[in-house]
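Chemist: kindly generate the corresponding structure for this input.
(2 chains)
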Amino acid sequence: MNELNAIMMIAYRDLMRFLNDRSRLLITFIFPVIFIGVLGGSLQRNLGQNIGFNFMTFVFTGVLGQTLFQSTASGIISLIEDRENNFTQEIFISPISRYSIMIGKILGESLVSFAQLIGIVLFALVVGVQFTLLQILIMIPVGLIVCFFGGAFGILVLANLSGQRAANQIFPIIIFPQYFLAGVFNPIKDLPPILLFFSRISPMTYALDFVRSIFYLGSPEYDKVVIFNPFIDFTVIGSMFIVFMILGTFLFIRNERNR
Amino acid sequence: MLEYFFRMAKIISVKNLVKRYHKAKFNAVDNISFYVNEGEFFAFLGPNGAGKTTTISILTTTLSKTSGTIAIGGHDIEKEHSNVRRSIGVIFQNPSLDRNLTAEENIRFHAILYGLYPFRPAFGLMPESYKKRVRILAEILDLEKNLFESIKTFSGGMKRKLEIVRSLMHKPKVLFLDEPTAGLDPTSRRNLWQYLNGVRKNEKTTIFLTTHYLDEAEDADHICIVDHGKIVNFGTPEKIKSDLIDEYLLTDADNREKLITELKSKHIPFKIEDHVKIDLKQRRVQHLLKTIDTELSFVQIHRPTLEDAYLEIVDNSD
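Modeler: Take a look at the predicted model:
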């Protein structure tokens, strides 16, 4: 029970920090506008007719998954900022499990990501992406799974970063290629062998495919858009989550204490 | 044997503690052993870089040791993390508050992490006992008006006070303070000490202080002086004073030969430097002077303060 209360408090703190941070709020809404509006819009106009599915919707689902995954991951990395402000000391001398700390952190950053989800959905409505209410409601549990996955990925990355500078330099290098390997706005149904390999080992691929496999479920475009089926995606996500979470927490704690 | 060692009334026992940082050539803490009795005020004194913060970080479970045995409140520090953490409060050298939260939110965060109260998203929804406790503590420290303000506006002294309030929420058996007054003005320093002395008396909390200010250590029950990772001296302030302070009389006579002969015949040990130097540890000044018949031309008593003695140790060991 204590652990649960602690998890909620850690999560609540992250949400409060986000809501108090105006510039971060603004940035999180600008990216979807660029991706869906500008990229999705232009690609739909120029390439969309030949492709056999609506490009705006494709990019919308991609951005949705990518935002939830990436935002949670980068939120976790804010533990580095906490370390530089000495706040991690306060967290790490508390008598709760180290895993509770990480789960609380992931939960908090998932809530933050969901706040952005609202922005994405509203913007998609404005630019005329077609979806049903059910498709959006089902994105709540699906999105939560994607967030937790992104969070665990964030912990593993965090465990291997030495400071804020390293975080600012390395995190984009790790995340940016995944936009294309996972197919946020480019179809990856057919890839040359080398790209196929990197696409299949990039965690974001499974996050996006999971979102799309549920979103497009039962629609005629399903086969053109989805790579695996939802069960495979879920199994891969679950396995990676457990590995990232345990390995990441272990490494992070070890690096914190063993200096 | 080890079990017995842990169960004694010593709240902290440290045996053969060694810490060497990765890629370091020397031990930051070099095989030190000491103990702290329950309820006492213990001062860990030494210059910058002596190994104070390293030791306190290991004791508070935020840093791993290289070797040695440590128990706090009878709990082994490696095997029983959680019990150790529950029984300690820590004021770190650098304030560890969340600048994006209000003073009350910082306290609430702590209280909930320590399992004292269930999670509620607002102060108003917290149990009455919590609200009362926070209000009383804030009143004592004169923070009532700022309780719901972001701590970004707080002065250094206010932040320190808030950290102390926070660290005492779970009634720790031991309060660790790592140079708590560094960067505070004299008034804030004095206020802080007044409050901490009150806490000690009322709550019977053991206080473990690291400092490089000797005057902060003078009221301690025991002082442990460290330098270069080793213990230089350990004991009550009185013991340390008598160990460190070299009290002597410098004297001389126009007829120095006569004086020396007299001292020899009366079995008073002396040394000759610029003047004749007589150790005062065993004898009173007045008594000594009465026994000397030779007419003296010069008399001076050398009695350094503890501060002088401390500086001398620290300088000598460089």
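
Chemist: so which bits of chain B are right by chain A?
Modeler: Proximity of chain B to chain A, by CB under 8 Å from any CB of the partner chain, involves residues B:21-22, B:60-64, B:81-83, B:85-86, B:88, B:90, B:92, B:94-101, B:105, B:108-110, B:112-115, B:117-119, B:121. C-beta: built from backbone N, CA, C; applies to glycine.

Chemist: center of the chain - which residue?
Modeler: The chain I'm using is chain A. A:F69 (0.4 Å; CA atoms, centre = their mean).

Chemist: wrong one, I was asking about chain B
Modeler: B:A43 (2.1 Å).

Chemist: that residue - that's part of a helix, no?
Modeler: No - applying DSSP: H, G, I helix; E, B strand; the rest coil, one finds B:A43 to be strand, outside a helix.

Chemist: is it true that it touches B:L214?
Modeler: No - taking CB atoms under 8 Å as the definition, B:A43 is not a contact partner of B:L214, at 9.1 Å.

Chemist: what is the helix or strand that A:L64 is a member of packed up against?
Modeler: Per DSSP states H and E: A:L64 is located in helix A:55-76. If you count contacts as 3 or more CB pairs under 8 Å, 6 or more residues apart in numbering or on different chains; DSSP states H and E, helix A:55-76 packs onto helix A:22-32, helix A:41-46, helix A:98-126, helix A:139-159, helix A:164-181, helix A:203-215.

Chemist: format these as JSON lines; extra columns: mean pLDDT.
Modeler: Shown next, in JSON lines, are the helices and strands packed on helix A:55-76 (pLDDT from 0 to 100):
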{"stretch": "helix A:22-32", "mean pLDDT": "77"}
{"stretch": "helix A:41-46", "mean pLDDT": "76"}
{"stretch": "helix A:98-126", "mean pLDDT": "88"}
{"stretch": "helix A:139-159", "mean pLDDT": "93"}
{"stretch": "helix A:164-181", "mean pLDDT": "88"}
{"stretch": "helix A:203-215", "mean pLDDT": "93"}
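
Chemist: is whatever residue of chain B ends up closest to chain A in a helix, a strand, or coil?
Modeler: Closest approach between chain B and chain A, counting by CB to the nearest CB: B:G115, at 3.5 Å. Counting by three-state DSSP, the backbone at B:G115 sits in coil.

Chemist: ditto for B:V226
Modeler: strand.

Chemist: quick one: it and B:L45 touch, right?
Modeler: Yes - the criterion here is CB under 8 Å, and B:V226 meets it with B:L45 at 7.2 Å.

Chemist: those two: who's more crowded?
Modeler: Neighbours were counted for B:V226 and for B:L45 using other CB atoms under 10 Å in any protein chain shown; B:L45 has more, 27 against 24.

Chemist: and the residue of chain A at minimum distance from chain B, how many residues sit next to it?
Modeler: Among the residues of chain A, A:N2 lies closest to chain B, at 3.5 Å counting by CB to the nearest CB. A count of neighbours around A:N2, defined by other CB under 10 Å, yields 17.

Chemist: can you check B:P118 too?
Modeler: B:P118: 16 neighbours (other CB under 10 Å).

Chemist: what residues are up against it?
Modeler: A:M1, A:N5, B:I112, B:P127 (CB atoms under 8 Å, 6 or more residues apart in numbering or on different chains).

Chemist: for B:E163, same thing?
Modeler: If you count contacts by CB under 8 Å, 6+ apart, then B:E163 has B:I91, B:F92, B:P95, B:S96, B:L97 around it.

Chemist: I'd say the second one and A:N85 touch.
Modeler: No - B:F92 is not in contact with A:N85 according to CB under 8 Å; the separation is 11.4 Å.

Chemist: what ranges do the strands span in the stretch 101-250 of chain B?
Modeler: For the stretch 101-250 of chain B, applying DSSP state E, counting those that start in this stretch gives strands covering B:174-178, B:206-211, B:222-227, B:230-235, B:248-252.

Chemist: quick one: average confidence on the third one?
Modeler: In other words, strand B:222-227. In this model, strand B:222-227 has a mean pLDDT of 90.

Chemist: and if you look at the last one?
Modeler: If you average the pLDDT over strand B:248-252, you get 87.

Chemist: which strands and helices sit next to that strand?
Modeler: strand B:276-279, strand B:298-302.

Chemist: between the two ends of stretch A:39-57, what distance do you get?
Modeler: 12 Å (CA to CA, to the nearest Å).

Chemist: what of stretch B:143-156?
Modeler: End to end - CA to CA - stretch B:143-156 spans 13 Å.

Chemist: and for it, what's in contact with it?
Modeler: B:95, B:97-104, B:106, B:123, B:134-135, B:138, B:158-159, B:161-162, B:165, B:183-184, B:188.

Chemist: pretty sure B:L116 sits against B:K171.
Modeler: No - the pair B:L116 and B:K171 does not pass the contact test of CB under 8 Å, sitting 9.1 Å apart.

Chemist: off-centre distance for the biggest helix by length in chain B?
Modeler: The longest helix of chain B (DSSP state H) is helix B:186-203. Taking CA atoms, centre = their mean, to the nearest Å, one finds helix B:186-203 lying 14 Å from the centre of the chain it belongs to.

Chemist: returning to what we had before: give me the mean pLDDT for the helix holding A:L64.
Modeler: 89.

Chemist: which segments of chain B make up each domain?
Modeler: According to automatic domain parsing, chain B comprises the domains B:1-87+B:172-239, B:99-170, B:246-302.

Chemist: got these as CSV, with distance to A:V211 columns?
Modeler: Listed next are these as CSV, based on distance: least, CB to CB, whole Å:
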stretch, distance to A:V211
domain B:1-87+B:172-239, 39
domain B:99-170, 29
domain B:246-302, 78
